[in-house]
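Colleague: Okay, sequence plus prediction incoming.
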Amino acid sequence: MKAIAIVPGTKKAFITERPEPTISAPDEVKIKILQVGICGTDREEVAGGRADPPPGSKELVIGHENFGRVTEVGSAVTGVKPGDHAMFTVRRDCEPCICGSHNDMCFKGEYTERGIKGRDGYQVEYAVDKARYLIRIPEEIKHIGVLAEPMSVSEKAINESVRIQCARLPEAKQDTWLQGKKVLVAGLGPIGLLAAFILRLRGADVYGLDIVDEDTLRPTLLTQIGGNYVDGRKVKTENLDDQLGQIDMIFEATGVASLEFELIDALGINGIYVLTGIPAGERPLSIIGAPLLQQVVLKNQIFLGSVNAGIDDFSRGIEELTEAHRKYPDQIAKVITSRVPVDHFEDVFSHHDVNEIKSVIEWEKP
């Protein structure tokens with residue numbers, strides 16, 4: 001079968017051949033891959049950045065934002081059947097692992113990730129994996145099912161932030177803490193924009209920060225769902241709190257190290273700042289550290305890093321993806337800005353339009 005692979009450390013992706021996988025255990029599921037989303041990690045890998053091939057191989061099949069149709073299930077599998085739409089999660093725990101369904105919180109750091117670290121990914125025609133890593137996608141949202149993985153990343157970061165705030169603030173309740181809270185989403189790429197959908201569904205007052213014109217697609221979608229756009233070219237970072245007032249939460253999705261530090265100044269009293277962007281490069285930064293650290297202490301602030309997601313976050317993410325489809329059907333559908341046939345996959349990596357949000361390589365139409 002066809003697959004898209006790289007040789008880690010080189011700057012080229014290519015079509016290669018892999019044996020079609022078969023079910024070899026009663027708890028396995030086989031799916032026909034229909035679509036695979038492209039994110040910053042994929043672009044970094046194809047540009048020669050961080051990526052690890054499986055042991056004994058020089059090549060890595062890329063792709064982790066998968067969506068497909070079940071074609072076969074093992075004898076012990078319940079809950080899904082051939083014909084259902086589904087996806088596999090990304091991270092695989094090390095053995096033995098105490099994290100269970102929370103393998104995104106691995107203590108040892110010896111995990112693997114399909115399409116990223118030590119395990120082939122989903123840019124293939126067919127994939128087989130354990131049923132415990134499978135999430136069924138409702139038929140109602142099969143046209144946006146490929147958004148389930150990035151949605152889970154935003155979901156985990158928000159869920160952890162809410163749990164932490166509810167554990168330490170006397171009046172906070174998980175079901176309602178975000179209602180009326182002012183949240184700054186920095187970076188309106190797929191992760192940040194999907195976070196904005198989740199936050200608006202939960203009643204937050206959302207401000208999205210980016211450096212694109214306000215009439216382009218990302219700010220337009222944000223304002224159409226009730227958010228507010230802030231052009232970072234027109235407002236200095238140190239003035240954000242003066243302009244917006246108390247900011248209860250910052251959701252960072254830029255991966256720009258200098259901005260990540262600058263945003264600390266905008267966080268309000270008892271606020272929480274969750275970072276999902278992963279900066280690249282080795283250029284040193286110069287910051288005036290004392291005032292920032294004074295603020296962290298004197299304002300009871302929390303900083304949280306969040307990566308990947310567990311099964312519970314995937315499941316909740318699909319629930320909120322469904323809710324977003326019902327409440328904002330046009331807007332959530334427009335997050336997918338291009339679907340490229342697999343034979344033209346290179347176009348995804350060679351072109352990057354200002355209105356691009358989520359590009360998808362299509363192996364077969366859903």
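Modeller: That came through fine.
Colleague: Pro150 falls within a strand, correct?
Modeller: No. Assessed by DSSP: H, G, I helix; E, B strand; the rest coil, Pro150 does not belong to a strand; its assignment is helix.
Colleague: roughly how far apart are it and Thr220?
Modeller: 19 Å (CB to CB, to the nearest Å). In short, each C-beta sits where N, CA and C put it, glycine included.
Colleague: Neighbour count for these two, which is higher?
Modeller: Neighbours were counted for Pro150 and for Thr220 using other CB atoms under 10 Å; Pro150 has more, 24 against 15.
Colleague: Surely the more buried one touches His64?
Modeller: No. Shown here, Pro150 and His64 do not form a contact pair, counting by CB atoms under 8 Å, at 9.8 Å.
Colleague: any common contacting residues for those two?
Modeller: By the contact definition CB atoms under 8 Å, 6 or more residues apart in numbering, Pro150 and His64 are jointly contacted by Cys39.
Colleague: What separation is there between the closest residue to Gly189 other than its chain neighbours and Leu209?
Modeller: Once flanking residues are discounted, Gly189 sits nearest to Ala253: 6.1 Å by CB to CB, 6 or more residues apart in numbering. Separation of Ala253 from Leu209 (CB to CB) stands at 10 Å.
Colleague: got a list of what the residue nearest to Gly189 touches?
Modeller: Going by CB under 8 Å, 6+ apart, the list of residues near Ala253 reads Ser154, Val185, Ala186, Gly187, Leu188, Gly189, Ile191, Gly192, Ala195, Thr276, Gly277.
Colleague: for Ser75, same thing?
Modeller: Pro26.
Colleague: Doesn't Tyr207 belong to a strand?
Modeller: Yes. According to three-state DSSP, the state of Tyr207 is that of a strand.
Colleague: Any buried residues in the helix or strand hosting Ala290, and which?
Modeller: Under the criterion of DSSP states H and E, Ala290 resides in helix 289-298. Within helix 289-298, the residues that qualify as buried by neighbour count (16 or more other CB atoms under 10 Å) are Gln295, Val296.
Colleague: And for stretch 153-172?
Modeller: Using 16+ other CB under 10 Å as the test for burial, stretch 153-172 gives 153-162, 165-166, 172.
Colleague: same check, this time on stretch 9-18
Modeller: Buried residues in stretch 9-18 (16+ other CB under 10 Å): Ala13.
Colleague: I'm done for today, thanks for sticking with me.
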